[in-house]
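Trainee: below is the sequence, then the predicted model.
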Amino acid sequence: MAERKRPLTPVPPDGMEILFFYQCPHCGRHVPLVSPTEARMVPCDACGQGFPIIPVDEHGLQYIRIMLGNGRAAADPDFL
């Protein structure tokens, strides 16, 4: 006989990352990077050419994470 499963309770976020897009100067594609806090060369995932990026401010990222409780405060209150 098949075992009856309980319906799952929705799970709130327990962490977050911030995604930034950098436009490739060679082909124009928007390359996604997760919180790049160091200057470096990145390869374009479309054309394969590398290009240097300007990093994002780590203090600004920390502020956003604190304000959103590392993602927990971003949960839709109608689902809590």
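Mentor: Structure's in. What do you need?
Trainee: find the nearest non-adjacent residue to R65, please.
Mentor: Nearest residue to R65, sequence neighbours excluded (C-beta to C-beta, 6 or more residues apart in numbering): M16, at 6.7 Å. For glycine as for every other residue, the C-beta is placed from the backbone atoms N, C-alpha and C.
Trainee: cool, and P13?
Mentor: G71 (3.9 Å).
Trainee: how about P36?
Mentor: According to C-beta to C-beta, 6+ apart, the nearest residue to P36 is P55 (5.4 Å).
Trainee: show me what contacts that neighbour?
Mentor: Residues in contact with P55, defined by C-beta atoms under 8 Å, 6 or more residues apart in numbering, are 36-40.
Trainee: dump these to TSV, plus neighbour count, pLDDT and secondary structure.
Mentor: What follows is these, written out as TSV (neighbours: other C-beta atoms under 10 Å; pLDDT from 0 to 100; DSSP: H, G, I helix; E, B strand; the rest coil):
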residue	neighbour count	pLDDT	secondary structure
P36	16	97	coil
T37	12	97	coil
E38	8	97	coil
A39	9	98	coil
R40	11	98	strand
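Trainee: phi and psi next, for I54.
Mentor: Main-chain dihedrals, I54, degrees, to the nearest 10: phi -90, psi 120.
Trainee: how near is the residue lying closest to it once chain neighbours are set aside to A74?
Mentor: With C-beta to C-beta, 6+ apart as the criterion, I54 has its nearest non-adjacent residue at 6.8 Å, and that residue is A39. Using C-beta to C-beta, to the nearest Å, we find A39 at a distance of 29 Å from A74.
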